[in-house]
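Participant: For reference, the sequence and a predicted model appear below.
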Amino acid sequence: MPGPTAGRGEVFPLRSYTPAPVGRTPASARRRRGILGGTFDPPHLGHVIAAEAVRRRLGLDEVVLVVAHDPWQKSGDRAVTAPELRLAMTQLAVAGHDGLVVSDLELRRGGPTFTVDTLETMRAAHPDDDLVLILGEDAAAGIETWHRAADLPALCQLVVVCRPGVNVTLPDGWPFVRVDIDAADVSSTAVRSAVAAGADVRRLVPDEVGSFIVEHGLYRVGLA
Ligand code: ATP
Ligand code: MG
């Protein structure tokens with residue numbers, strides 16, 4: 001069933017990630033859940049394409065786009081858009097995509113965002129589910145610098161989404177699954193720069209995200 005279609009600038013009620021009661025989960029209710037964490041400043045077509053591709057190729061029940069509250073590795077270098085606005089844009093980006101959902105778990109937790117905390121929360125809430133952490137190329141390249149990075153492989157299966165032919169490694173021979181996609185050649189940095197330069201970003205972001213950026217006057221002053 002296709003999901004709802006957004007009107008221009010309309011923001012849907014948040015579909016939060018809701019932890020289930022702790023306890024044994026019947027096998028039929030066990031889920032394979034992908035997690036694509038990010039700043040999403042703004043979300044773009046590369047995020048949606050990557051999430052869809054991993055969900056399809058690994059047969060995941062859903063991919064959760066988890067919006068960072070305070071991406072501490074970025075917020076020291078540039079002004080990061082308010083988390084509520086990034087959350088709203090990410091909701092718009094996945095509207096109508098079955099199996100893609102957005103979580104505000106990291107906003108509710110507050111403080112600097114550490115993915116390891118998010119994985120532990122999800123693991124505690126759904127002890128029998130499979131957790132699959134999805135990384136793009138730049139995230140994979142920097143994962144060693146993440147808070148408690150060494151704890152990640154025990155908490156989840158790691159998947160790296162990359163362009164065909166690109167060489168990807170993770171630290172210390174961590175096992176990972178590689179998913180090759182002809183990714184949209186786009187990053188949030190490129191979108192912000194394009195908006196600041198007055199360029200058209202319609203081929204880089206979902207339409208409703210583009211409308212949201214215009215209506216809220218985001219990125220006009222070159223935050224990148
Ligand atoms: P920035 O340009 O600020 O680094 P970004 O485009 O990488 O932003 P993030 O929100 O930081 O966006 O990324 C969230 C996740 O999505 C990361 O794992 C990142 O590697 C991945 N990702 C970003 N762009 C793409 C893309 N075009 N294809 C596949 N994965 C991507
Ligand atoms: Mg990035």
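Facilitator: Done, it's in. Ligands and ions are numbered 1, 2, ... in the order given.
Participant: from here on, contacts and neighbour counts on C-alpha atoms
Facilitator: Will do.
Participant: in stretch 156-176, what counts as buried?
Facilitator: 156-163, 168, 176 (16 or more other C-alpha atoms under 10 Å).
Participant: Then stretch 92-106?
Facilitator: Within stretch 92-106, the residues scored as buried using 16+ other C-alpha under 10 Å are 92-95, 99-106.
Participant: So which of these are in helices?
Facilitator: Residues of these located in helices (DSSP state H): 92-94, 105-106.
Participant: With pLDDT as extra columns, can I get the residues you listed in CSV?
Facilitator: Formatted as CSV, those follow (pLDDT from 0 to 100):
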residue, pLDDT
L92, 98
A93, 98
V94, 98
L105, 97
E106, 97
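Participant: Can you report how many residues lie near E215?
Facilitator: E215 sits with 11 neighbouring residues when counted by other C-alpha atoms under 10 Å.
Participant: Next: V214.
Facilitator: By other C-alpha under 10 Å, the residues close to V214 number 14.
Participant: Now do the SS call for it.
Facilitator: Of the three states, V214 takes helix according to DSSP: H, G, I helix; E, B strand; the rest coil.
Participant: Would you mind naming what in the chain lies close to ligand 1?
Facilitator: Counting by C-alpha under 6 Å from any ligand atom, the chain comes close to ligand 1 at 37-40, 46-47, 50, 135-139, 161, 183-189.
Participant: Can you tell me which of the residues you listed are buried?
Facilitator: For the residues of the chain next to ligand 1, a burial check counting by 16+ other C-alpha under 10 Å picks out 37-40, 46-47, 50, 135-136, 139, 161, 183-184, 187-188.
Participant: Strands - which of those land there?
Facilitator: Here DSSP state E is the test, and these give 37-38, 135, 161 as lying in strands.
Participant: so which two of those residues are the farthest from each other?
Facilitator: The two members of those with the most space between them (C-alpha to C-alpha) are G38 and V161, at 13.9 Å.
Participant: Isn't V63 up against D98?
Facilitator: No - between V63 and D98 there is no contact under C-alpha atoms under 8 Å: 9.6 Å.
Participant: count of residues packed around A29?
Facilitator: Neighbours of A29 (other C-alpha under 10 Å): 10.
Participant: ugh, wrong one, I meant M122
Facilitator: The local packing of M122 (other C-alpha under 10 Å) involves 21 other residues.
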